[in-house]
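Colleague: just a sequence and a predicted model for now, questions to come.
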Amino acid sequence: MLLRKFALIVPLSRSYSAQINRRKWGLEGLPRPRSILDDHDTPVDLSEDDDAVNGVRPNTPPLHMRRPPQKATPQEFKSHKEVIKKNFPGGWAPPRKLSREAMEGVRQMHRLEPEKFTTPFLAEKFKISPEAVRRILKSKWQPPREKILKVAEREREEKMEYRSLKQVRERIEARAARASKKAGSKFDRLKFA
């Protein structure tokens, strides 16, 4: 049964395809467009492709209307590097360093309002050089997760140690105060005759 249906479908598809080939597809009343392959006499104008071949992009504004690039060009990068070498001949060694939390604070402030929290403003508030702020904003480095956990554990231990030392110091001071009160009580009763 299945074979009979398949056998009927194949001849039907052949007859449809034969009709498609015989029939000319086009819009009635409109002439068929000429093919490029049929026309051997007319020269083909490829001047519009010259720009693509020469690397000119369409709809590109002229040079005087273009904005400067967001990233530094090689010449700007080279000149900045020379200025840094001139200003810091021994390499970059800032006199004051910020903690990781402070650096993250600088980044967040600049990210929230770059117009208000400019590099000079942040440098003045954090009492570091503008070059240090620029480097902080530029860097994306984060310590590995293991190191962050290790530092957090060490800070927690230091806090606990500080608290215990503070409690011991307070106890000693309280004992000394009580002892001085007892010793001082004998001399507080002076009698004038």
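Modeller: Yes, it's here. Numbers count the residues shown, from 1 in each chain.
Colleague: point out where this structure drops to low pLDDT.
Modeller: Applying pLDDT under 70 to the chain flags the ranges 1-27, 36-37, 39-40, 42, 44-56, 184-193.
Colleague: which helix in it has the most residues?
Modeller: helix 145-187 (DSSP state H).
Colleague: report the distance from that helix to the chain centre.
Modeller: Put simply, helix 145-187 sits 44 Å off its chain's centre (CA atoms, centre = their mean, to the nearest Å).
Colleague: check stretch 66-76 too.
Modeller: With CA atoms, centre = their mean, you get 18 Å for stretch 66-76.
Colleague: quick one: end-to-end length of it, please.
Modeller: Terminal residues of stretch 66-76 lie 18 Å apart, using CA to CA, to the nearest Å.
Colleague: kindly report the same for stretch 81-101.
Modeller: So stretch 81-101: terminal residues 28 Å apart, CA to CA.
Colleague: chain center to it: distance?
Modeller: On CA atoms, centre = their mean, the centre of stretch 81-101 falls 22 Å from that of its chain.
Colleague: what about His110, how many neighbours?
Modeller: 18 (other CB atoms under 10 Å). (C-beta placed from N, C-alpha, C; glycine too.)
Colleague: all helices for this protein, in order.
Modeller: For the chain, helices defined by DSSP H occupy the ranges 2-22, 50-54, 74-87, 100-112, 119-126, 130-138, 145-187.
Colleague: from Lys127, how far out is the most centrally placed residue in the chain?
Modeller: Taking CA atoms, centre = their mean as the criterion, Lys140 is the residue nearest the geometric centre of the chain, at 7.3 Å. In this view, Lys140 and Lys127 are 24 Å apart by CB to CB, to the nearest Å.
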